[in-house]
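Enquirer: Below are the sequence and a predicted model for it; my questions follow.
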Amino acid sequence: MKKPNLWLALVVGAGFALLLSAPLLALLFLAYTTTGVPFIPFDIFDLVSRVLPGSVITTGIDSMVGVINALGLSVRENAKLAEQAIAVALTLGLTLVGGAAYFAFFRGRRSSLFAGLGYGLVVGIVLGAVSATRQGTTLADGFWVLGALLIWGLGLAWLQRRVVRTVTPAAVTAEPVNRRQFIARVGSAAALITVSGAGVGAVLSRRNTEEAPPEGQLWSANHALPNAGAATAVVPGTRPEYTPLEQFYRIDINLAPPTIQEADWRLRVEGLVDTPKEYTLSELRAYKATDQFITMSCISNPVGGELISTTRWTGVPLQNLLSEWGLQENASHLRISSADGFFEYVALDDIRNDPRIVLAYAWDGVPLRIKHGFPLRIFIPDHYGMKQPKWIETIEVVSSWEPGYWVVRSWDREAQVRATSVIDTVGANMMIADAGGGRNMKIPVGGIAYAGARGIRSVEVKVDDGDWQPAELREPISALTWVLWRFEWPFESGEHTFTVRCTDGDGDTQLTEQRPPHPSGATGLNSDRVRV
Ligand SMILES: Nc1nc2c(c(=O)[nH]1)N[C@H]1C(S)=C(S)[C@@H](COP(=O)(O)O)O[C@H]1N2
Ligand SMILES: [Mo]
């Protein structure tokens, strides 16, 4: 007798794998949000993105950002979600392939339940290893994943036995249950479990990660900004000068941040020191702290992008701790490593020369949020975020520089912030009467300019092909933040293109050549075409 069609077996196998894997993933997601056990799709995704060459990842990120932008969504709010969706889709895709292969292999006969268990065991060992290799996971996490895959294999075998189109007449008659009815029943159970598990999980994860800011405790709720009396007013429509914490951009190598309990956490100092140290968070808090208003930007921020934010950081100047460690003679750098596997190198000379380099534990007067590096992160002026680890656990004193996490992946060694300026708003409906009482009306144009710790010396605006004209600079919150600017343009109706450029505190005008973020940060002019 002929075996049943191979293609049919593949399609049926993929279909049942979907009915099995979707609810299983939903339940695993629920377990992940409630108990913190690993969620396989995130681990697979994180592993894949860690082993793929930097160029592939960069292309991937760029196209994702492109799609999000094309959909008119905010990259800041949706990038992580999009990545998580990709991770789940990738995993579902893998299980479809696995199911199809299984059904194809056993086409025309019933697989035994043991075959399914064995299949689950093999895949489970591989994926369990993927989850267990991740930093901060235990052997128990590996077994959790293995267990999930054993259930998956068993389920696959059970489904295969129920629906296999057997070729022996005896088996056909021994299969009285209507196949269509069976599929309908499995399908609706799968849909129900998937929707409810994923739904509850999503609600819980939202609640877990969106630690509501203790509003009243925020520094900004009770204080005016240092530049509150600035002479130049903000043009309405400009982004907030001081970023609300929940709007602070976020970039992590992993899909989910490591959750660290303060009681278990220590900052370890080791390597080329006479006195290895361990600090608790309260010990660090006991040092004299500094408060700095800082703008931080991601090197992946496109010109005019949202991956840039400003708030007030509180922490200990790192140079004040050095004397406690007994640095050995050949010590030259610190290797700072994080709970998520991220790491970077900082030169001791930079730390000795710059009291602005801090180990920060608070933002806007409250402890760092989990997503943003709780309990400890570093700030290094004038450099992009990729040089500044969050979730710091270990400082190893070493005798040479090595490339850090993103430098290994082909991003700039120095990652010094590039000067950039952005038009946030052209106030087409905000006519201002001429100060002289004349009949000429003006339109306010506003935005930001930022050049790391170098500050901004001037901002100029060009309308269409006209000359560069100076904008007014608003006194910044601090020397480490962006500068808001304002330009009043004598109104002329029609369609116009506004372009902005800035010059940094060293007198260098921003680069005008259009370059993408990779590898050294985006350059080019920002412009805005508006009908007025
Ligand atoms: N441990 C750790 N630190 C990290 C990262 C990370 O993925 N892991 N990302 C870096 C990058 S690329 C940036 S831009 C900033 C972002 O900080 P934020 O998410 O608080 O805005 O953190 C930096 N520090
Ligand atoms: Mo970044």
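Expert: Cool, the structure landed. Ligands and ions are numbered 1, 2, ... in the order given.

Enquirer: mind listing what the residue nearest the centre of the chain touches?
Expert: Centroid-nearest residue in the chain, with Cα atoms, centre = their mean: I251, separated by 2.8 Å. Counting by Cβ atoms under 8 Å, 6 or more residues apart in numbering, I251 makes contact with 298, 300, 307, 385. Heads up, the C-betas are built off the backbone N, CA and C, glycines and all.

Enquirer: what's the burial count for the third one?
Expert: Looking back up the chat, that one is L307. Taking other Cβ atoms under 10 Å as the neighbour definition, L307 ends up with a count of 21.

Enquirer: Likewise for N320?
Expert: A count of neighbours around N320, defined by other Cβ under 10 Å, yields 15.

Enquirer: Now it. Its backbone dihedrals?
Expert: Torsion angles at N320 (phi, psi; degrees, to the nearest 10) stand at phi -70, psi -20.

Enquirer: and if you look at R268?
Expert: Backbone phi and psi, for R268 under degrees, to the nearest 10, turn out to be phi -100, psi 130.

Enquirer: Mind checking what secondary structure the closest residue to V235 other than its chain neighbours has?
Expert: In space, V235 comes closest to G446 once its chain neighbours are excluded; the distance is 2.7 Å by Cβ to Cβ, 6 or more residues apart in numbering. Using DSSP: H, G, I helix; E, B strand; the rest coil, the secondary structure recorded for G446 is strand.

Enquirer: again with T295
Expert: When the structure is reduced to helix, strand and coil (three-state DSSP), T295 reads as strand.

Enquirer: Now do the host helix or strand of M64: distance to the chain's middle.
Expert: Using DSSP states H and E, the secondary-structure element containing M64 is helix 54-70. Remark: helix 54-70 is offset 13 Å from the chain centroid, using Cα atoms, centre = their mean, to the nearest Å.

Enquirer: go on, stretch 312-331?
Expert: Here the centre of mass of C-alpha atoms in stretch 312-331, compared against the chain's by Cα atoms, centre = their mean, lies 28 Å away.

Enquirer: can you list contacts of it?
Expert: For stretch 312-331, using Cβ under 8 Å, 6+ apart, the contacting residues are 219-220, 242, 269, 271-277, 284, 287-294, 348, 351-352, 354-365, 378-379, 397-399.

Enquirer: ok, and the helix or strand in this structure with the lowest average confidence?
Expert: helix 169-173 (a mean of 46; mean pLDDT, DSSP states H and E).

Enquirer: Name the next helix or strand following that helix along the chain.
Expert: Beyond helix 169-173 in the direction of the C-terminus, DSSP H and E gives the next helix or strand as helix 179-209.

Enquirer: That next one - what's its average pLDDT?
Expert: Along helix 179-209, the predicted local confidence has a mean pLDDT of 82.

Enquirer: C-terminal to it, which secondary structure element comes first?
Expert: Remark: after helix 179-209, the chain's next helix or strand is helix 219-222, criterion DSSP H and E.

Enquirer: For my notes, confirm S421 occurs in a strand.
Expert: Yes: when three-state DSSP is applied, S421 is found to be in a strand.

Enquirer: Could you check how far it is from V273?
Expert: Distance of S421 to V273, given as Cβ to Cβ, to the nearest Å: 43 Å.

Enquirer: So for the two, which sits in the more crowded spot?
Expert: S421 (27 against 18).

Enquirer: Now do the contacts for the residue nearest to V235.
Expert: The contact partners of G446, taken as Cβ under 8 Å, 6+ apart, are 234-235, 237-238, 423-425, 427, 484-487.

Enquirer: Can you give me the buried ones in stretch 329-336?
Expert: 331-336 (16 or more other Cβ atoms under 10 Å).

Enquirer: For the nearest residue to V316 once chain neighbours are set aside, what are phi and psi?
Expert: Distance criterion Cβ to Cβ, 6+ apart; nearest residue to V316, sequence neighbours excluded, is Y287 at 4.4 Å. Taking degrees, to the nearest 10, you get phi -70, psi 160 for the backbone angles of Y287.

Enquirer: can the contacts of G446 go into TSV with extra columns for distance to ligand 2, pLDDT and secondary structure?
Expert: Compiled in TSV, these are given as follows (distance: Cβ to the ion, whole Å; pLDDT from 0 to 100; DSSP: H, G, I helix; E, B strand; the rest coil):
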residue	distance to ligand 2	pLDDT	secondary structure
V234	27	96	coil
V235	28	96	coil
G237	26	94	coil
T238	23	97	coil
I423	23	97	strand
D424	21	97	strand
T425	26	96	strand
G427	31	89	coil
L484	23	98	strand
W485	25	98	strand
R486	29	97	strand
F487	30	97	strand
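
Enquirer: Quick one: low-confidence residue ranges for the stretch 101-250 of the chain.
Expert: With pLDDT under 70 as the threshold, the stretch 101-250 of the chain has low-confidence stretches at 133-137, 165-177, 206-215.

Enquirer: List the contacts of the residue of the chain found nearest ligand 1.
Expert: Among the residues of the chain, G385 lies nearest to ligand 1; the distance is 2.4 Å by Cβ to the nearest ligand atom. Remark: with contacts taken as Cβ under 8 Å, 6+ apart, G385 is in contact with 251, 296-299.

Enquirer: next one: L159
Expert: Taking Cβ under 8 Å, 6+ apart as the definition, contacts of L159 comprise 16, 19-20, 186.

Enquirer: By neighbours, which of those wins?
Expert: Neighbour tally across the contacts of L159 (other Cβ under 10 Å): the maximum, 26 neighbours, falls on F16.

Enquirer: Using the three-state scheme, assign the spatially closest residue to that residue that is not a sequence neighbour.
Expert: In space, F16 comes closest to L159 once its chain neighbours are excluded; the distance is 4.6 Å by Cβ to Cβ, 6+ apart. At L159, secondary structure determined by three-state DSSP is helix.

Enquirer: Renumber starting at 38 from here on
Expert: All set: I'll call the first residue 38, so the last point we hit is now L196.

Enquirer: L196 and S495, how far apart?
Expert: Distance check for L196 against S495: by Cβ to Cβ, it reads 69 Å.

Enquirer: rewinding a little: who are the neighbours in contact with the residue nearest to V353?
Expert: With contacts defined as Cβ under 8 Å, 6+ apart, Y324 is in contact with 353, 357-358.

Enquirer: Leaving out chain neighbours, which residue sits closest to the closest residue to ligand 2 within the chain?
Expert: Using Cβ to the ion, C335 is the residue of the chain that sits closest to ligand 2, at 3.3 Å. With Cβ to Cβ, 6+ apart as the measure, L344 is the residue that lies nearest to C335, at 3.9 Å, once sequence neighbours are left out.

Enquirer: Regarding the one you found, what are the backbone dihedral angles?
Expert: L344 adopts backbone torsions of phi -80, psi 60, taken as degrees, to the nearest 10.

Enquirer: Give the full set of residues in contact with it.
Expert: When contacts are counted by Cβ under 8 Å, 6+ apart, L344 is found next to 112-113, 286, 288, 334-335, 337-338.

Enquirer: Narrow those residues to just the buried residues.
Expert: Among these, the ones that count as buried by 16+ other Cβ under 10 Å are 112-113, 286, 288, 334-335, 337-338.

Enquirer: from these, which two are the most distant?
Expert: Of all pairs drawn from those, the one with the longest distance (Cβ to Cβ) is V112 and S334, at 13.6 Å.

Enquirer: How far away from the center of its chain is stretch 437-448?
Expert: On Cα atoms, centre = their mean, the centre of stretch 437-448 falls 19 Å from that of its chain.

Enquirer: should've said stretch 293-307
Expert: Stretch 293-307 sits 19 Å away from the centroid of its parent chain (Cα atoms, centre = their mean).

Enquirer: No further questions, thank you.
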